[in-house]
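A.B. asks: Dropping the sequence and predicted coords here.
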Amino acid sequence: MKTILVVGGAGYIGSHIVKQLLKAGYHVVIFDNLSTGYRKAVLGGEFFLGDLANRDDLQRVFQTYSIDAVMHFASFIQVGESVHQPNKYYQNNVVNTINLLDIMLAHGVKACIFSSTAAIFGEPQIIPIDEKHPKNPANPYGRTKWMVEQILADYDKAYDLRAICLRYFNAAGADPECQLGECHEPETHLIPLVLQTASGRRKSITVFGQKYDTPDGTCIRDYVHIQDLCQAHILALEQLLQGASSAEYNLGNGEGFSVREVIETAQQVTQRAINVIYGDNRAGDTARLVADARKARQELGWNPQFADLKTIIQHAWQWELQQLKATE
Ligand code: UDP
């Protein structure tokens, strides 16, 4: 049985991955400092409370377990915050990742799945965006992820550390079995905020900017279901464990929805009134990010099951209603 270390396994994406890895029969070790994740979101495996900034924590986990591959999800992810607090982003997303990579090498672990982002591309020159599209991140968050991708390429050349970088467009939705879902504190992502407004947990949703160069003036994003992201990770991991070379894949559905369209779809799904306020642009945002994910389909055999925005929002709504019940 292969042992997989999931760094950041208590977070939104990491926790869904842990569930799927356990289902697929892997031995899973979770490393998380619980700064933004939740212990209760870890549904199995062996939990190790530790911090990437602390090399002793990392040493302990690598000495305790014989790890075959690492999946790295532990990073700060807020575009707007990264513009105002870049030090926080470079320190955690870059410096702490180097700690992790160096400990991996010291223990001969040379396989890594890295959680990357469409934010590495910046304002696109061509839509949809394929893997070769020029990288010109528009904010520090995107720059940290692009830096790590480049560090990984150098580590491959110098140390034979193989990495598959998965560039998510907009991860969204929740576990269809409703055991897990999105739960950031504070929440900054569009779909959970819209649904919290629909459920009454929030008074309103603010649309960030309405003068972008898009048909309705609001930003367009490509929303991809968390469950489909999990499938791509498991496929990439299998390939990596079988000796595949380093690679990168864009993960999205190839269809963009504006902020207004997301709100309209949420209104249809929830059948509730959603109070919308129009505000200024958010720092670091680009007008349009839509994926060309043909490479993932062809090379990984990725086959998204929940590509429809309505389904993504339905699953997120099911989760929101459950959260609401728990707080009542
Ligand atoms: N957005 C918005 N209001 C919010 C949160 C997000 O209008 O309260 C917009 C944001 O500007 C972006 C899109 O929704 O165009 C998706 O943002 P999110 O933070 O969910 O994901 P990101 O694209 O930053 O990964």
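C.D. replies: That came through, no problem. Only a predicted model underlies this, so the values are computations on that prediction, with no experimental measurement involved.

A.B. asks: all contacts plus neighbour counts: C-alpha atoms, from now on.
C.D. replies: Fine.

A.B. asks: Around the ligand, which positions in this protein sit nearby?
C.D. replies: 79, 170, 188-190, 205-208, 219, 259, 282 (C-alpha under 6 Å from any ligand atom).

A.B. asks: out of those, which are inside helices?
C.D. replies: Per DSSP state H, helices hold the following members of these: 79, 190, 259.

A.B. asks: tally of neighbours for the residue nearest to the second one when sequence neighbours are not counted?
C.D. replies: Once flanking residues are discounted, L190 sits nearest to V259: 7.8 Å by C-alpha to C-alpha, 6 or more residues apart in numbering. Other residues within reach of V259, judged by other C-alpha atoms under 10 Å, total 22.

A.B. asks: still on that earlier bit, what's the closest of the ones in helices among the residues of the chain next to the ligand to the ligand?
C.D. replies: The closest of those to the ligand turns out to be L190 (C-alpha to the nearest ligand atom; 3.8 Å).

A.B. asks: if I read this right, I77 contacts P140, doesn't it?
C.D. replies: No - applying C-alpha atoms under 8 Å, one finds I77 not in contact with P140, separated by 10.0 Å.

A.B. asks: Among the two, which residue is more densely surrounded?
C.D. replies: P140 (25 against 15).

A.B. asks: Torsion angles phi and psi at the more buried one?
C.D. replies: With angles defined as degrees, to the nearest 10, P140 sits at phi -60, psi -40.

A.B. asks: what about the closest residue to it other than its chain neighbours, is that helix, strand or coil?
C.D. replies: Of all residues not flanking P140 in the chain, S82 sits nearest, at 5.4 Å (C-alpha to C-alpha, 6+ apart). Three-state call for S82 (DSSP: H, G, I helix; E, B strand; the rest coil): helix.

A.B. asks: Would you agree S82 is in contact with N92?
C.D. replies: No - at 11.3 Å, S82 does not count as touching N92 under the criterion of C-alpha under 8 Å.

A.B. asks: Would you verify that R143 is located in a helix?
C.D. replies: Yes - assignment of R143 by three-state DSSP places it within a helix.

A.B. asks: Looking at it now. What's its pLDDT?
C.D. replies: Per-residue pLDDT puts R143 at 98.

A.B. asks: Break the chain into its domains for me.
C.D. replies: 3-172+223-251, 190-221+254-327 (automatic domain parsing).

A.B. asks: Need the winner for burial among those domains.
C.D. replies: domain 3-172+223-251 (a mean of 20; mean count of other C-alpha atoms under 10 Å).

A.B. asks: where do the strands sit along this protein?
C.D. replies: For the chain, applying DSSP state E gives strands covering 3-7, 27-32, 46-49, 69-72, 111-117, 162-168, 170-172, 205-208, 220-221, 223-225, 247-251, 257-258, 276-279, 288-289.

A.B. asks: Tabulate those (TSV), appending distance to H315 and mean pLDDT.
C.D. replies: Formatted as TSV, those follow (distance: least, C-alpha to C-alpha, whole Å; pLDDT from 0 to 100):
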stretch	distance to H315	mean pLDDT
strand 3-7	24	99
strand 27-32	25	98
strand 46-49	27	98
strand 69-72	25	98
strand 111-117	22	98
strand 162-168	19	98
strand 170-172	9	98
strand 205-208	19	98
strand 220-221	18	98
strand 223-225	9	98
strand 247-251	19	98
strand 257-258	17	98
strand 276-279	22	98
strand 288-289	23	96
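
A.B. asks: where along the protein do the helices fall?
C.D. replies: 12-23, 55-64, 79-84, 86-89, 96-106, 140-159, 190-199, 226-241, 259-270, 294-295, 309-327.

A.B. asks: So which of those is nearest T214?
C.D. replies: helix 259-270 (10.6 Å; C-alpha to C-alpha).
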